[in-house]
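> Attaching a predicted model along with its sequence, questions to come.
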Amino acid sequence: MLERLDSAHRQLLDVVGSLSDEEAANKRYSEKIADATWRHYAKHLPELEAFTGSSSA
């Protein structure tokens, strides 16, 4: 699981690093990145909690 996380993180950094200043300032790009990252985490919260043995409650 950690390898997948590291790989996804590297891919995100590659994508974000390849954006021009204009693209980075464009709300459409920032919304797509948010949807693919921190907004998407809630979908997997039960899996993450089970993996780490913690709870968000």
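Yep, that arrived.
> Tell me where the model's unsure across this structure.
In the predicted model, the chain carries pLDDT under 70 at residues 1, 56-57.
> Show me the residue sitting in the middle of the chain in space.
The chain has residue 37 as the residue nearest its centroid, 2.3 Å off, counting by Cα atoms, centre = their mean.
> check contacts around it.
Each residue near residue 37 by Cβ atoms under 8 Å, 6 or more residues apart in numbering is listed here: residue 12. Any C-beta I mention is one placed from the backbone N, CA and C, and that applies to glycine too.
> Show me the helices in the chain, by range?
Counting by DSSP state H, the chain has these helices, from start to end: 2-18, 21-25, 27-36, 38-41, 45-52.
> between the first one and helix 45-52, how many degrees?
For the pair helix 2-18 and helix 45-52, the angle between their directions (axes from the mean of the first three to the mean of the last three Cα atoms, to 10 degrees) equals 130 degrees.
> what packs against helix 2-18?
For helix 2-18, the elements it packs on are helix 27-36, judged by 3 or more Cβ pairs under 8 Å, 6 or more residues apart in numbering; DSSP states H and E.
> Give me the buried positions along stretch 4-16.
By neighbour count on 16 or more other Cβ atoms under 10 Å, the buried set for stretch 4-16 is empty.
> go on, stretch 30-41?
For stretch 30-41, a neighbour-count test (16+ other Cβ under 10 Å) marks residue 33 as buried.
> Straight-line length of it, end to end?
Stretch 30-41 has an end-to-end distance of 16 Å (Cα to Cα, to the nearest Å).
> now do stretch 13-25
End-to-end distance of stretch 13-25 (Cα to Cα): 16 Å.
> Settle this for me: residue 41 is touching residue 49, isn't it.
No - using Cβ atoms under 8 Å, residue 41 and residue 49 do not qualify as a contacting pair, with a distance of 11.2 Å.
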